[in-house]
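Chemist: okay, predicted coordinates and the sequence, questions at the end:
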Amino acid sequence: MPFKISSRSIALVVFCACLAVLLLLPAAATPARATEFGVYKGPGCDGRAKIAEFEAFAGGRKVERTVDALDRRDWSHLESSADWITRCWNGSGIKLTLSVPMLPEDGGVSTLKAGASGSYDESFRKVGRALVANGYPDAIVRIGWEANGEWMAWSGAKDPTAYRLFWRRIVEVMRETPGQNFRFEWCPNVGLHAIAPILLYPGDDVVDVIGLDVYNEVWQPIFQDPERRWIYLVEQPYGLRWHKAFAERHGKPISFPEWGTGTRPDGHGAGDDPRFVTGMAEWFKTTRPLYQSYWDVEAADYNAQLSNLRYPKSAEAFVEGVARVEPDGDATPDR
């Protein structure tokens, strides 16, 4: 029996075909979110005083964000440093990511469990009030960073459940601050270390940005080669590719609050490595992080300063690949 097609059926087929074509067409290009250009030059007023010299090194590129950190010697210094740091940056026109320790370095007297139960709530209330009072109600608050390592007092390997609960509690307390519009950043260190970072993720409802700290280091002879080292940074468990995919699955923007190449006192720093810098520059262009902040200081544990030209090849790669603004940089569609 021949199949008869009605005019209504034909119209429906044509409509569905047109819809399918439209769905297959690429989305109209929208201006990309430009990655904020950031740097750490030192704490508070010390760092602010060095911004101009870094901008000169960067070919005149203006610093848009800094990543500063509270003093973690004890609770008293943690609280007072919040007021000092925010007063120092107030009026600079530079956005602030404030790294907030979950615990001070007090030899284990303060614990993740005690924090999760509310023992330190008042300290975080004071931090929130200082941010709002001193002009940073929209700060990014970077809580308990690099917790997948064993070097922080709040290392999540000690008690992953308490870490997650404490992290969530800090967000809840700081969200109570009148006038705040904070965004909260969760930021492991690149790689596995003492615990898989995914075991420490506190939840989408309390995380707004997913960061990653990336320092150029050599721990095995095979990675003396810059190209192999870069590939491993991208592909290793909990490396750059994992970071991008994890954030996409959770619908969060990414960031790089700390990154750098240089030397360590134990000899594991990769030194002057333009391949690392150009790799990061290309990664920024591909992934469009919310911001990136270079670690331009001679810190005791990692000297990554480029602006003094101690690492001339890396410095040149940074100026050309990271600091230089591409003429059509804002025309790339969001990914």
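Modeler: Noted; the coordinates are in hand.
Chemist: which other residues reach stretch 169-187?
Modeler: 97, 100, 102, 115-116, 118, 121, 124-125, 127-129, 131-132, 137-146, 167, 200-202, 206-213, 255, 257 (CB atoms under 8 Å, 6 or more residues apart in numbering). The C-beta positions use only the backbone N, C-alpha and C, and glycine is treated the same way.
Chemist: any idea of the mean pLDDT for that stretch?
Modeler: Mean per-residue pLDDT for stretch 169-187: 98.
Chemist: nearest residue to L78 in space, please, no chain neighbours.
Modeler: Of all residues beyond its chain neighbours, the one nearest L78 is L70 (5.0 Å), with distances taken as CB to CB, 6 or more residues apart in numbering.
Chemist: neighbours of the one you found, how many?
Modeler: Neighbourhood size, L70 [other CB atoms under 10 Å]: 22.
Chemist: circling back to that earlier point, tell me the buried residues within the contacts of stretch 169-187.
Modeler: 97, 100, 102, 115-116, 121, 124, 127-129, 131-132, 139-146, 167, 200-202, 206-213, 255, 257 (16 or more other CB atoms under 10 Å).
Chemist: which of those residues fall in strands?
Modeler: Of those, the ones assigned to strands by DSSP state E are 97, 100, 140-143, 209-211, 255, 257.
Chemist: now the residues you listed in JSON lines, with pLDDT?
Modeler: Converted to JSON lines, these look like this (pLDDT from 0 to 100):
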{"residue": "T97", "pLDDT": "98"}
{"residue": "V100", "pLDDT": "98"}
{"residue": "I140", "pLDDT": "98"}
{"residue": "V141", "pLDDT": "99"}
{"residue": "R142", "pLDDT": "98"}
{"residue": "I143", "pLDDT": "98"}
{"residue": "V209", "pLDDT": "98"}
{"residue": "I210", "pLDDT": "98"}
{"residue": "G211", "pLDDT": "98"}
{"residue": "S255", "pLDDT": "98"}
{"residue": "P257", "pLDDT": "98"}
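Chemist: can you pull the contacts of F256?
Modeler: By CB under 8 Å, 6+ apart, F256 lies in contact with 211-214, 280, 284, 289, 291-293.
Chemist: most neighbours, which of those?
Modeler: Neighbour counts for the contacts of F256, by other CB under 10 Å, peak at G211, which reaches 32 neighbours.
Chemist: so what's that one bridging to?
Modeler: On the basis of DSSP bridges, G211 is bridged to S255.
Chemist: how about the helix or strand harbouring K313: buried residues?
Modeler: Here K313, judged by DSSP states H and E, is contained in helix 312-318. By neighbour count on 16+ other CB under 10 Å, the buried set for helix 312-318 is 314-315, 317-318.
Chemist: equivalent analysis for stretch 43-57, please.
Modeler: Buried-residue list, stretch 43-57, by 16+ other CB under 10 Å: 43-44, 47-48, 50-51, 54-55, 57.
Chemist: and it, how far out from the chain's middle?
Modeler: 20 Å (CA atoms, centre = their mean, to the nearest Å).
Chemist: endpoints of that stretch, how far apart?
Modeler: Start-to-end span of stretch 43-57 (CA to CA, to the nearest Å) is 19 Å.
Chemist: can you tell me what sits against it?
Modeler: 39-42, 61-63, 66, 68-69, 71, 81, 84-85, 87-89, 92, 94, 296, 306-307, 315, 319.
Chemist: so which residues of the stretch 51-200 of the chain form strands?
Modeler: According to DSSP state E, counting those that start in this stretch, the stretch 51-200 of the chain carries its strands in the segments 65-69, 95-100, 140-143, 183-186.
Chemist: so what's Y291 up against?
Modeler: Counting by CB under 8 Å, 6+ apart, Y291 has contacts 35-38, 64-65, 95, 97, 255-257.
Chemist: what's the most distant pair in those residues?
Modeler: Pairwise distances among the contacts of Y291 were taken by CB to CB; the largest, 14.7 Å, belongs to K95 and F256.
Chemist: what ranges do the helices span in this structure?
Modeler: 7-24, 44-48, 51-57, 75-89, 112-116, 121-133, 160-174, 226-235, 240-250, 274-287, 312-318 (DSSP state H).
Chemist: can you redo these as CSV with distance to Q220?
Modeler: As requested, the helices of the chain are exported to CSV (distance: least, CB to CB, whole Å):
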stretch, distance to Q220
helix 7-24, 46
helix 44-48, 34
helix 51-57, 33
helix 75-89, 37
helix 112-116, 32
helix 121-133, 40
helix 160-174, 27
helix 226-235, 9
helix 240-250, 18
helix 274-287, 16
helix 312-318, 21
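Chemist: weakest of the ones you listed in terms of mean pLDDT?
Modeler: It's helix 7-24: among the helices of the chain, that one has the lowest mean pLDDT, namely a mean of 35.
Chemist: the nearest residue to W230 once chain neighbours are set aside: neighbour count?
Modeler: By the measure of CB to CB, 6+ apart, the closest residue to W230 outside its immediate chain neighbours is G279, 4.6 Å from it. Neighbour count for G279, taken as other CB under 10 Å: 23.
Chemist: distance of G279 from P197?
Modeler: Using CB to CB, to the nearest Å, we find G279 at a distance of 21 Å from P197.
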